[in-house]
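Asker: 3D model of this:
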Amino acid sequence: MPDRPRCAWACKNPIERDYHDAEWGVPERDPRALWECLMLEGFQAGLAWITVLRKRDAFRAGFAGFDPRQVARFTEADILRLLADPGIIRSRAKIEATIRGAQIFLEMQASGEDFADYCWSFTDGAVRHGDGRTQALSAELAERVSKDLKRRGFKFVGPTIVQAWLQAVGIVNDHALGCFCRDVTSQGPHLATG
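Answerer: The predicted structure is shown next:
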C-alpha cells in the first residue's frame, strides 16, 4: 500500500517499504528469529540495511536457515564456502562472529536461558514506545543491551547495531509520528491490520 504514511526511511524503494510494512517493529518472540535478526544486523555494520535485505535469502541458504545448532558446527570449510558466495556479504570476521553467536545461543539454552526471554528481559517483556521523533529511548536501551551482549561474547553488537535490532524486532517501537504502523499493537504483520 504505497499511499500510506510511513517512516521516511521506508519510502525509498519497494523492498524497504514492504519490509517496514510487514516486519519492522513487529514484536518478535521466537528465539531463533531474534538471533537471526541480530546476526543479520551485524552483517549490516558499515553498510545500508537494504544491502542485507537484498541478500537475506542467500544468507538464509548459506547459514542453514540460521539454525543455531547447524551454524554452531560450521568448520573452516564452511567459512571458505561462505567467503566464496557472492550472494552474501563476504566478511570472515562477520561469518566467524555468526558461528560464535550460534555457539553462545546454544550455551545459553543449555544453561536454561531462553534467548527470547533474555532479549525481552531488558524491557520486562513489554514493548517500549519511543516518542516518534528522537529515538532516544532505543539509544539508551541499546547501550545497556550492547554491553551485556559483548560481555557474553557476541561480536558486531555495538550500540548502533543493537539499536537497529531493537527497533527491527519490535522490542522498541520507534515508528515515526504519523506512520501507519506506530499504533499497531498486534503480534502479526502490520499489513494484516488494514
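Asker: Find the residue at the geometric middle of this protein.
Answerer: residue 37 (2.8 Å; C-alpha atoms, centre = their mean).
Asker: How is that residue assigned, secondary-structure-wise?
Answerer: When states are read from DSSP: H, G, I helix; E, B strand; the rest coil, the local structure at residue 37 comes out as helix.
Asker: what about the longest helix in the protein?
Answerer: Residue-count comparison of every helix in the chain, with assignments taken from DSSP state H, identifies helix 92-110 as the longest.
Asker: Quick one: mean pLDDT over it.
Answerer: Rounded to a whole number, the mean pLDDT of helix 92-110 is 98.
Asker: ok, and for it, which residues are buried?
Answerer: 94-95, 97-99, 101-106, 108 (16 or more other C-beta atoms under 10 Å). Yep, even glycine has a C-beta here, placed from its N, CA and C like the rest.
Asker: How far off centre is that helix?
Answerer: Distance of helix 92-110 from the chain centroid (C-alpha atoms, centre = their mean, to the nearest Å) equals 15 Å.
Asker: and what of stretch 76-86?
Answerer: Here stretch 76-86 shows a centroid-to-chain-centroid distance of 22 Å under the convention C-alpha atoms, centre = their mean.
Asker: Output that stretch as CSV, restricted to C-alpha atoms.
Answerer: Extracted as CSV, the C-alpha positions of stretch 76-86 are listed here (Å, rounded to 0.1, in the frame of the first residue of the first chain):
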residue,chain,number,x,y,z
GLU,A,76,36.8,-23.7,8.2
ALA,A,77,35.4,-25.4,5.1
ASP,A,78,32.0,-23.7,5.7
ILE,A,79,33.8,-20.4,6.2
LEU,A,80,35.6,-20.8,2.9
ARG,A,81,32.3,-21.7,1.2
LEU,A,82,30.6,-18.6,2.6
LEU,A,83,33.6,-16.4,1.6
ALA,A,84,33.2,-17.6,-1.9
ASP,A,85,29.4,-16.9,-2.0
PRO,A,86,28.7,-13.7,-3.9
